[in-house]
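> one predicted model, sequence on top.
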Amino acid sequence: MKKLNIHFFGASGTVTGSKYYLETEEAKIMVDCGLFQGVKELREHNWERLPVDVSEMDYVLLTHGHLDHCGYLPLLVRHGFRGKILGTEPTLEIARIILEDSAKIQEEEAERANEEHYSKHDPALPLYTKEDAAFALNFFERIEEGEEVVLSDNCSVTFLYNGHIIGSTYIEMDLYGKRFVFSGDVGRQEDELLNPPKQPEWADYLFVESTYGDRLHPEEDVEHILTELVKETLQKRGALIIPSFAVERLQSLMYQLWKLYRKNRIPNIPIFVDSPMGNNVLEVFEEFPSWHKLTLEEYHNMCNHISIVSSYAETWETIDDPRPKIVIAGSGMVTGGRVLTYIKQLGDMGSTSILLVGFQAEETRGRKLLEGATELKIYGKYIPIKAKVHHLESLSAHADQAELLTWMGSIKNIPEKVFLVHGERSVMDTYGKKIHEKFGWNCHIPEMYEVIEILL
């Protein structure tokens, strides 16, 4: 009989900071290693050391490269981790881009806070530096999608395509004869850029995300909504600002707008993409064409149609450009990045529209805009918001309740335990009841820092 301890260090009772640590005598493995985003209470966890000796960890397995799944890696390495960080090649490339960008933003925000004295810390420090991020990359090791990788005598893992973002996978871990399945973030059944997710067929222990576990994505006519917003922007001679996640949603928005222009549904309105990280991700699409649906010809035509903003000076030129325009800028929940500058300068104008796409976590500026905020705190100052706010939920990269149930519907056995993770508490309560109703499976919602012992 072998003992396994499972530690829930993140995305437990919340939708961010994914970290699951499996500890046996033979192997010590972390699945995902994300930063917390959103409410201050959660973000403060980013500054805490994990309550285990990270120097003993053998592996970190990355389901994909989003910040809430990989953003804690520089700290893990700073605190002593010297194992291997495994992921698909596109995932490791996305993680590199995101970590470098995250470190840069944190250094810049600390510098700005010190200059303008709006932090209670003196001096304000970045969570980690560009040097920390660069050092963490030394431990990256790529694996092939679908290939079984042996980690120890009684443990092997397979990373399988799950369609959330480029490079994204779920992970099947065979440990002492039992199969542990970690869903990562599950993608959509129908997506403009990505193929449908593969599905697990066996799971003794299932760890499944719950982001949209209590709802179905609305049946929205995305082309019609975008067309009308562009017409309104032209009529008002204003700006349509679209805060966007740099990975997948930004490229999907570019594709949607280029497609509308090609179909003559919208005129040749200036479209600016202002996300250094998003620009780098575009190169990943070019480098790994087998991971998405775009042909190289479509990719190049799309990029040629849109103006890529490459410097902060060009950001200000874009803001000052008097023409009606569309600006797609990071970040998707308005938590940082270039979009803050656009909203700070243009958000108090009635001619401006803001289009939110995808999930908006609690206490983020994006969620506050959705809830009708008339002002936002940006760089220590409150900015009035007169812009009209719109929401396109169907462009989310996350599966909804029906798609999640479809994804797990191929599992042939009855799992011994289903762990609901990566969701808000009320959502997981609803989702767990739905899973029990449909499959008869028992679900458990782990608490932060909960440790579960399993005998194998």
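In hand now; what should we look at? Numbers count the residues shown, from 1 in each chain.
> now what about the worst-scoring helix or strand of the chain on mean pLDDT, what contacts it?
Least confident helix or strand, the chain: helix 276-287 with a mean of 88, by mean pLDDT, DSSP states H and E. Outside of helix 276-287, the residues within contact range by CB atoms under 8 Å, 6 or more residues apart in numbering are 90, 93-94, 97-98, 101, 166-167, 244, 246-248, 250-251, 273, 292, 294, 296, 299, 303, 308, 310, 328, 330, 337-338. The C-beta positions use only the backbone N, C-alpha and C, and glycine is treated the same way.
> are any of those residues buried, and which?
90, 93-94, 97-98, 101, 166-167, 244, 246-248, 250-251, 273, 292, 294, 299, 303, 328, 330, 337-338 (16 or more other CB atoms under 10 Å).
> which ones among the residues you listed map onto strands?
Among the buried ones among the contacts of helix 276-287, DSSP state E puts 273, 328 in strands.
> contacting residues for residue 266?
226-227, 230-231, 257, 260 are the contacts of residue 266 under CB under 8 Å, 6+ apart.
> kindly report the same for residue 349.
Per CB under 8 Å, 6+ apart, neighbours of residue 349: 238-239, 386-387.
> among these, name the buried ones.
238-239, 387.
> now do the closest residue to residue 71 other than its chain neighbours: how many residues are near it, please.
Closest residue in space to residue 71, ignoring its immediate chain neighbours: residue 35 at 3.2 Å, by CB to CB, 6 or more residues apart in numbering. Using other CB atoms under 10 Å, residue 35 has 28 neighbouring residues.
> still on that earlier bit, top of the contacts of residue 266 by neighbour count?
residue 257 (26 neighbours).
> list the buried ones in stretch 203-218?
203-214, 217.
> most widely separated two among those residues?
204 and 217 (30.3 Å; CB to CB).
> can you pull out the helices in this protein?
40-43, 67-70, 73-78, 89-116, 130-136, 222-236, 249-262, 276-287, 296-305, 312-320, 339-346, 365-370, 401-408, 425-439 (DSSP state H).
> adding distance to residue 153, write these out as JSON lines.
Output for these, formatted as JSON lines (distance: least, CB to CB, whole Å):
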{"stretch": "helix 40-43", "distance to residue 153": "38"}
{"stretch": "helix 67-70", "distance to residue 153": "28"}
{"stretch": "helix 73-78", "distance to residue 153": "25"}
{"stretch": "helix 89-116", "distance to residue 153": "26"}
{"stretch": "helix 130-136", "distance to residue 153": "28"}
{"stretch": "helix 222-236", "distance to residue 153": "50"}
{"stretch": "helix 249-262", "distance to residue 153": "42"}
{"stretch": "helix 276-287", "distance to residue 153": "35"}
{"stretch": "helix 296-305", "distance to residue 153": "44"}
{"stretch": "helix 312-320", "distance to residue 153": "52"}
{"stretch": "helix 339-346", "distance to residue 153": "49"}
{"stretch": "helix 365-370", "distance to residue 153": "46"}
{"stretch": "helix 401-408", "distance to residue 153": "29"}
{"stretch": "helix 425-439", "distance to residue 153": "33"}
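> residue 7: which of these is closest?
Closest among these, using CB to CB: helix 73-78, at 13.5 Å.
> could you pull up the mean pLDDT of the closest one?
For helix 73-78, mean pLDDT is 98.
> switch to numbering from 823
Done: numbering now begins at 823, and the last item shifts to helix 895-900.
> count of neighbours near the closest residue to residue 1140 other than its chain neighbours?
The shortest distance from residue 1140 to any non-neighbouring residue, by CB to CB, 6+ apart, is to residue 1094 (5.0 Å). Residue 1094: 22 surrounding residues under other CB under 10 Å.
> quick one, what contacts residue 1094?
Here residue 1094 is in contact with 1128-1131, 1140, 1147-1151 (CB under 8 Å, 6+ apart).
> for the residue lying closest to residue 846 once chain neighbours are set aside, give its distance to residue 1000.
Nearest non-adjacent residue to residue 846, counting by CB to CB, 6+ apart: residue 826, 5.2 Å away. Noted for residue 826: a distance of 9 Å to residue 1000, by CB to CB, to the nearest Å.
> between these two, tell me which one has more neighbours.
Counted by other CB under 10 Å, residue 826 and residue 1000 do not tie: residue 826 has more neighbours, with 20 against 16.
> rewinding a little: in JSON lines: the buried ones among the contacts of residue 1171, plus distance to residue 833.
Listed next are the buried ones among the contacts of residue 1171 as JSON lines, based on distance: CB to CB, whole Å:
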{"residue": "1060", "distance to residue 833": "38"}
{"residue": "1061", "distance to residue 833": "35"}
{"residue": "1209", "distance to residue 833": "32"}
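> before we move on, the earlier item: nearest to residue 1274 among the helices of the chain would be which one?
That would be helix 1247-1261 among the helices of the chain, by CB to CB, at 16.0 Å.
> over stretch 1205-1215, what's the mean pLDDT, rounded is fine.
pLDDT averaged over stretch 1205-1215 gives 95.
> whoops, stretch 1029-1047 was the one
95.
> and the end-to-end length of that stretch?
35 Å (CA to CA, to the nearest Å).
> and what of stretch 1127-1138?
End-to-end distance (CA to CA), stretch 1127-1138: 21 Å.
> quick one: mean pLDDT for that stretch?
Here the average pLDDT along stretch 1127-1138 is 92.
> who touches that stretch?
1076, 1079-1080, 1083, 1092-1096, 1098, 1101, 1140, 1160, 1163-1164.
> what separates the closest residue to residue 1218 other than its chain neighbours from residue 1206, distance-wise?
Sequence neighbours aside, residue 1180 is the residue nearest to residue 1218 in space, at 4.5 Å (criterion: CB to CB, 6+ apart). As judged by CB to CB, residue 1180 and residue 1206 stand 25 Å apart.
> of these two, who's got more company?
residue 1180 (22 against 11).
> quick one, what contacts residue 1139?
Counted by CB under 8 Å, 6+ apart, residue 1139 has zero contacts.
> sorry, back to before: got TSV for the contacts of residue 1088, with distance to residue 1222 too?
Listed next are the contacts of residue 1088 as TSV, based on distance: CB to CB, whole Å:
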residue	distance to residue 1222
1048	20
1049	24
1052	27
1053	29
1079	24
1082	24
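> hang on, the earlier thing: just the contacts of residue 1094 now: which is nearest residue 947?
Nearest member of the contacts of residue 1094 to residue 947, counting by CB to CB, is residue 1151, at 26.3 Å.
> let me see the contact set for the closest one.
1063-1066, 1094-1097, 1159-1161, 1164.
> mind redoing it with 10 Å?
For residue 1151, the contact set (CB atoms under 10 Å, 6 or more residues apart in numbering) comprises 1063-1066, 1068, 1072, 1094-1097, 1100, 1131, 1137, 1140, 1159-1165.
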